[in-house]
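Colleague: one predicted model, sequence on top.
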Amino acid sequence: AQSVTQLGSHVSVSEGALVLLRCNYSSSVPPYLFWYVQYPNQGLQLLLKYTSAATLVKGINGFEAEFKKSETSFHLTKPSAHMSDAAEYFCAVSLYNQGGKLIFGQGTELSVKP
Amino acid sequence: EAGVTQFPSHSVIEKGQTVTLRCDPISGHDNLYWYRRVMGKEIKFLLHFVKESKQDESGMPNNRFLAERTGGTYSTLKVQPAELEDSGVYFCASSQGIGRGAYEQYFGPGTRLTVT
């Protein structure tokens, strides 16, 4: 069965610093991979997704992620953090033959210090 | 275009009572999903509707949970009777397309359920 592990339930960075949120997955077949973000009192919003095309995926708000099959990873990065990036981030996986249901990681709370 | 809406936003009930959560998906979206996040845990899949049919209900915890999707539009999730461990945030999501799992799911803001 597939699973997702996000390393670090809380990550704190300074404004302008690199953001790196880690995600590793376990799947017996090539998965689809997603990063979602949840701002306070809002629903989850899709940042980006990997669907077996380019391994480097660019998303909204300057975020990107790279699919590395050999490392079973899909880490999320942003070169320069903004205060508005403070939120909770979720990595998720789905399989093409399972109706699209998402399997989520535990979530990572990102704090941005001025 | 209106997003996914959920009602109520918060619900506090006593153990043994019944609660019904409602989700209105984006118009035209055939797929509707329910998820739940218990405090401190990951978001977990509950079930998936395609139009009015239950496609996958493998994540439903037990028979105290009943989900319906009337006419392939809005959906309700009833918990009867509620137990303390049912507390958490219940999310609804919808998407277009059938079959492959790459379609973006649009999430509602969630219903925070507290069972006391």
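Modeller: Great, that's in hand.

Colleague: need phi/psi at the residue nearest to the spatial centre of chain A.
Modeller: Central residue of chain A (CA atoms, centre = their mean): A:W35, 3.4 Å from the mean position. Main-chain torsions, A:W35, degrees, to the nearest 10: phi -120, psi 130.

Colleague: what bridges to it?
Modeller: Beta-bridge partners for A:W35, by DSSP bridges, are A:L48, A:C91.

Colleague: contact partners for it?
Modeller: A:21, A:23, A:46-49, A:59, A:63, A:65, A:74, A:76, A:89-92 (CB atoms under 8 Å, 6 or more residues apart in numbering or on different chains). In this view, the C-beta of every residue, glycine as well, is placed from N, C-alpha and C.

Colleague: out of the residues you listed, who's nearest chain B?
Modeller: A:L46 (5.0 Å; CB to the nearest CB).

Colleague: what about the closest one, which helix or strand?
Modeller: strand A:44-50 (DSSP states H and E).

Colleague: in that strand, what's buried?
Modeller: With burial defined by 16 or more other CB atoms under 10 Å in any protein chain shown, the residues of strand A:44-50 counted as buried are A:44-50.

Colleague: does stretch B:66-82 reach chain A?
Modeller: No. Counting by CB under 8 Å from any CB of the partner chain, chain A is not contacted by stretch B:66-82; separation bottoms out at 13.8 Å.

Colleague: CA atoms of that stretch as PDB?
Modeller: C-alpha atoms of stretch B:66-82 as PDB (Å, rounded to 0.1, in the frame of the first residue of the first chain):
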ATOM      1  CA  LEU B  66     -23.600   7.100   6.400                       C
ATOM      2  CA  ALA B  67     -22.900   9.100   3.300                       C
ATOM      3  CA  GLU B  68     -25.300  10.000   0.500                       C
ATOM      4  CA  ARG B  69     -25.200  12.100  -2.600                       C
ATOM      5  CA  THR B  70     -28.600  13.000  -3.800                       C
ATOM      6  CA  GLY B  71     -29.000  13.200  -7.600                       C
ATOM      7  CA  GLY B  72     -25.300  13.500  -8.000                       C
ATOM      8  CA  THR B  73     -25.300  17.000  -6.600                       C
ATOM      9  CA  TYR B  74     -24.700  17.800  -2.900                       C
ATOM     10  CA  SER B  75     -23.600  15.200  -0.400                       C
ATOM     11  CA  THR B  76     -24.300  14.600   3.300                       C
ATOM     12  CA  LEU B  77     -22.300  12.700   5.800                       C
ATOM     13  CA  LYS B  78     -24.300  11.600   8.900                       C
ATOM     14  CA  VAL B  79     -22.700  10.300  12.100                       C
ATOM     15  CA  GLN B  80     -25.100   8.400  14.300                       C
ATOM     16  CA  PRO B  81     -24.500   8.000  17.200                       C
ATOM     17  CA  ALA B  82     -21.400  10.200  17.500                       C
END
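
Colleague: how about the helix or strand containing B:W34, does it get close to chain A?
Modeller: Taking DSSP H and E as the criterion, the element that holds B:W34 is strand B:31-37. Yes. Judged by CB under 8 Å from any CB, strand B:31-37 comes into contact with chain A through B:31, B:33, B:35.

Colleague: identify the residues contacting whichever helix or strand comes after that strand?
Modeller: Counting by DSSP H and E, the element after strand B:31-37 in chain order, helix or strand, is strand B:43-50. Here strand B:43-50 makes contact (CB under 8 Å, 6+ apart) with A:90, A:99-104, A:107, B:30-38, B:54-61, B:65, B:67, B:69, B:72, B:75, B:77, B:90-91, B:98.
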